[in-house]
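Enquirer: Pasting the sequence and the predicted coordinates here, then a few questions.
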Amino acid sequence: MTSEVNMKKIAAEHAAKYVQDGMKIGLGTGSTAYYAILKIGEMVRSGLSIQAVATSDASEKLAMEQGISLTPIHQIDRLDLTIDGADELDDQLRLIKGGGGALLREKITAYHSERLVIVADEAKAVAQLGAFPLPVEIVPFAYEWTIRSLAQLGCSVQLRRKPDEGLYVTDNGNYIADCRFQEISRPEELSSRLGTVPGVVEHGLFIGMADQAIIGCRDGTVRLL
Ligand code: 5RP
């Protein structure tokens, strides 16, 4: 039996094998994408030449520590590949993301990538999305009204806080509303409805975006979806 950390690591290191010389790469965020960045850093230090953009301030810092230099977004037309984590994924590669608060930059980056590869441990692969509260990035202005509108979609909403009880603020200066639906039976419909709530900047449902998922399994192997 392999540990959760090792499941993340084997998935991420498998994905790093897709990175080739000359590629433009999107670097994801979270504890699984972390291992992909470490591996890509190792490859760069051994001579691999890539252009990279990061999906969060934390990943940017990690990439720089690893010797991966980041290219300004305006110098990149389109990314070849983004490797990122997920909080939940189903067998149609529909995802919940944003547990790490980076969903906005992650979604923009995924949208502009030729290929989005998701890396995750076995526990993230579910039959139906929704046990994980759906992160929704909202603007601070009138957030109480926005939260009320989100609750009217049939969820209980918790405004994300930092451990010191202050409000969690994203890299973009917004708040995160964690929306507990219990189960999300029609993700496409929910995605459209979330898009109609004023104050919502972006939500963590990623539908039709992922091209492949690499799942690290308890028996030490990877499963490809
Ligand atoms: C951050 C994300 C992460 O990819 C997601 O939360 C998974 O993180 P981890 O690999 O730590 O479980 O969406 O916003």
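Expert: Ah, there it is. Residues are numbered from 1 along each chain as shown.
Enquirer: As a check, name the ranges of all helices in this structure.
Expert: In the chain, the helices defined using DSSP state H lie at 4-16, 33-45, 57-65, 103-111, 143-151, 187-194.
Enquirer: Just checking the distance from the first one to the centre of its chain.
Expert: A distance of 15 Å separates the centroid of the chain from that of helix 4-16, by C-alpha atoms, centre = their mean, to the nearest Å.
Enquirer: ok, now the last one?
Expert: Once both centres are worked out by C-alpha atoms, centre = their mean, helix 187-194 turns out to sit 18 Å from its chain's centre.
Enquirer: How about the residues of this structure by the ligand?
Expert: 28-33, 84-87, 97-103, 106 (C-beta under 6 Å from any ligand atom). Yep, even glycine has a C-beta here, placed from its N, CA and C like the rest.
Enquirer: repeat that for 5 Å
Expert: 29, 30, 31, 32, 85, 87, 97, 98, 99, 100, 102 (C-beta under 5 Å from any ligand atom).
Enquirer: List only buried entries from those.
Expert: 29, 30, 32, 85, 87, 97, 98, 99, 100, 102 (16 or more other C-beta atoms under 10 Å).
Enquirer: okay, now residue 145: neighbour count?
Expert: 13 (other C-beta atoms under 10 Å).
Enquirer: contacting residues for it?
Expert: Residue 145 makes contact with residue 199, according to C-beta atoms under 8 Å, 6 or more residues apart in numbering.
Enquirer: Kindly report the same for residue 50.
Expert: Counting by C-beta under 8 Å, 6+ apart, residue 50 has contacts 19, 21, 22, 23, 24, 25, 40, 44, 68.
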